[in-house]
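> Sequence isn't available, so here's the structure alone:
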């Protein structure tokens, strides 16, 4: 199954949207994570698994992959508007959303504010579920310096540390499936961010922080989540606390919790078959399709 790329010209910048499967099939939207993530990287195993029966829509979020340059601050509210524009341009009224990390937090907020556009939610190691993060004030203070964040990105793009950090982030390290391709895409994204003068972190992450508490926290609102939801945690994820994901599943009406054994924060790369099965299981419940024999 081939993947095509559509570039939408939106207010603020271009949005590169990777699409696979029959456009007439039921749609599903995949949202990747922050920093050096792009849709073809994190969803490299899920896209072909879904494309046989669904219309897969996987954007490179603004300032990622082919979606640059962009102007302005890309916080939760702005990115929700980008998703509105994308669905409108593609003629999609409503779809299930699957998101990792930042993408999971973005999809959760979108489901809360636009329940008419989201039919189900799968949040994998999602962000925006904390009231207070470790080293809250120190992190908030560090995030005030945009020049430092841009310098960090330039250093990462030219440093051997990038490979070491990626090896450490993947539970199987260099034994990860398609590691060479994964590393090449990560390095290419680092170079692109540095070339465009972008920060090491996304606006979504930066604006989420306050000095004493998180400014972006979906937990108090999850009781009104109006769609079926699955909350997935990688067993060895150190970026998102397991208890936080469990709590989100308990607060969301009808929410379910699942753990991916042996996976870390980048669960779709660490344990792609297990993540694929979880996503497809929920989608088959809320959006049944006929599979080819």
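Received, thanks. None of these values were measured; they are calculated from a predicted model.

> what's the closest non-adjacent residue to residue 216?
Nearest residue to residue 216 in three dimensions, chain neighbours excluded: residue 208, at 3.8 Å (C-beta to C-beta, 6 or more residues apart in numbering). C-beta coordinates here come from the backbone N, C-alpha and C atoms, glycine included.

> got the contact list for that neighbour?
With contacts defined as C-beta atoms under 8 Å, 6 or more residues apart in numbering, residue 208 is in contact with 75, 76, 105, 127, 128, 214, 215, 216.

> does the third one count as helix, strand or coil?
What that stands for is residue 105. With DSSP: H, G, I helix; E, B strand; the rest coil as the basis, the three-state label of residue 105 is helix.

> Could you measure from it over to residue 2?
Taking C-beta to C-beta, to the nearest Å as the measure, residue 105 falls 31 Å from residue 2.

> Then the fourth one?
Residue 127 is 32 Å from residue 2, where distance means C-beta to C-beta.

> what about the two, which has more around it?
Remark: of residue 127 and residue 2, residue 127 carries more neighbours, 28 against 8, as counted by other C-beta atoms under 10 Å.

> Is it correct that the more buried one is in contact with residue 105?
Yes. At 3.7 Å, residue 127 and residue 105 qualify as touching, with contact defined as C-beta atoms under 8 Å.

> joint contacts of these two?
A shared contact of residue 127 and residue 105, defined by C-beta under 8 Å, 6+ apart, is any residue touching both; here these are 204, 208.

> Give the rounded mean pLDDT of the strand or helix carrying residue 4.
Using DSSP states H and E, residue 4 maps to strand 3-10. When pLDDT is averaged along strand 3-10, the result is 95.

> State the mean pLDDT of the helix or strand that that strand is followed by.
Moving toward the C-terminus from strand 3-10, the first helix or strand encountered (DSSP H and E) is strand 13-20. This predicted structure assigns strand 13-20 an average pLDDT of 98.

> elements contacting strand 13-20?
strand 3-10, helix 46-51, strand 55-60, helix 76-90 (3 or more C-beta pairs under 8 Å, 6 or more residues apart in numbering; DSSP states H and E).

> elements contacting the helix or strand encompassing residue 279?
Of the helices and strands defined by DSSP H and E, residue 279 is found in helix 272-286. Using 3+ C-beta pairs under 8 Å, 6+ apart as the contact definition, the elements that helix 272-286 packs against are helix 46-51, strand 95-100, strand 118-124, strand 229-234, strand 256-260, helix 267-270.

> and with 6 Å instead?
Judged by 3 or more C-beta pairs under 6 Å, 6 or more residues apart in numbering; DSSP states H and E, helix 272-286 is in contact with strand 118-124.

> Name every strand pairing with the strand it packs on and say which way it goes.
Each strand that strand 118-124 pairs with, and the sense of that pairing, follows from DSSP bridges: strand 95-100 (parallel), strand 229-234 (parallel).

> Could you pull up phi and psi at residue 206?
Recorded main-chain torsions at residue 206 are phi -60, psi -50, according to degrees, to the nearest 10.

> burial of the residue lying closest to it once chain neighbours are set aside, as a residue count?
Sequence neighbours aside, residue 143 is the residue nearest to residue 206 in space, at 4.9 Å (criterion: C-beta to C-beta, 6+ apart). The burial metric for residue 143, expressed as a neighbour count using other C-beta under 10 Å, is 17.

> ok, residue 143 to residue 41 distance?
As defined by C-beta to C-beta, residue 143 lies at a distance of 24 Å from residue 41.

> now residue 25
Applying C-beta to C-beta, one obtains 24 Å for the distance of residue 25 from residue 41.

> Residue 60 too?
Here residue 60 is placed at a distance of 10 Å from residue 41 (C-beta to C-beta).

> same thing with residue 261?
23 Å.

> Same drill for those two, tell me which one is more crowded.
Comparing residue 261 with residue 41 by neighbour count (other C-beta under 10 Å), the higher total belongs to residue 41, at 24 against 10.

> Assign the more buried one to helix, strand or coil.
Going by three-state DSSP, the state assigned to residue 41 is helix.
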